[in-house]
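[1] Pasted the sequence and its predicted model underneath.
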Amino acid sequence: MIEINLLPVSEIREKEKKRFKVSVSLLLTSLVIVVCVYLKWTANQKERNLDENIGKINEEIKRLDLLIKEVAQLKNEKEALEKRLKVAETLEKGRLEAAVIMMDLSKRVPEKLWLEGLEKRGELVKCSGIALDEETIADFMTALKGSPYIKKVELESVRKQSIGGVNLKKFVLTCEFRMD
């Protein structure tokens, strides 16, 4: 049997155009949906990667914070040890200075002169004592000036003092002591 198309050719073309437009529209819509899904998926992947990187960076920050605290603690311990060392050095130097002062003074004390007191403050040494006369005090000052450790000798005071019926001279000297 023969089929006969009774519709005009223009209507057939119209139907085909409509069908083509619908097909293209569906295809484009599908393509847009696929592209949107792909873009969303890649954005989620990037977000996951960034979250992982942020997590790793936060862990690294925590680790470095612990190291910073350790370094700060070690720095504080070092400063405390340096302070202790300086104190020990100062004490050792002071002990050595006291021995040197006593040894040097004992060598330079003339007969008829007796030291009663010795006081050291920084570089200044104050000597107090009793002598038979002013000449003995002057000899002692001259002997002190000959010391390599004593830079300057000054007489602060001289007073008469009677001990056991003997007139003596009570004196106070100030010296500048340096162990260079």
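    Yep, that arrived.

[2] Every contact and neighbour count from this point should use C-alpha atoms.
    Will do.

[3] what comes into contact with stretch 121-133?
    Outside stretch 121-133, the residues that touch it by Cα atoms under 8 Å, 6 or more residues apart in numbering are 112-120, 137, 167-178.

[4] then it to PDB, C-alphas only?
    Only the C-alpha atoms of stretch 121-133 are listed here, as PDB (Å, rounded to 0.1, in the frame of the first residue of the first chain):
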ATOM      1  CA  ARG A 121      82.500  50.100  98.300                       C
ATOM      2  CA  GLY A 122      82.900  49.700  94.500                       C
ATOM      3  CA  GLU A 123      86.400  50.900  93.700                       C
ATOM      4  CA  LEU A 124      86.700  53.000  96.900                       C
ATOM      5  CA  VAL A 125      88.500  51.500  99.900                       C
ATOM      6  CA  LYS A 126      88.300  53.300 103.200                       C
ATOM      7  CA  CYS A 127      91.000  52.500 105.800                       C
ATOM      8  CA  SER A 128      90.800  53.600 109.400                       C
ATOM      9  CA  GLY A 129      93.500  53.200 112.000                       C
ATOM     10  CA  ILE A 130      95.800  54.600 114.600                       C
ATOM     11  CA  ALA A 131      99.400  55.800 114.200                       C
ATOM     12  CA  LEU A 132     102.100  57.100 116.500                       C
ATOM     13  CA  ASP A 133     102.400  60.400 114.500                       C
END
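
[5] same question for that stretch, mean pLDDT?
    Mean per-residue pLDDT for stretch 121-133: 90.

[6] quick one: Lys152 and Lys126, what's the gap?
    12 Å (Cα to Cα, to the nearest Å).

[7] Quickly find the element holding Leu64.
    helix 9-108 (DSSP states H and E).
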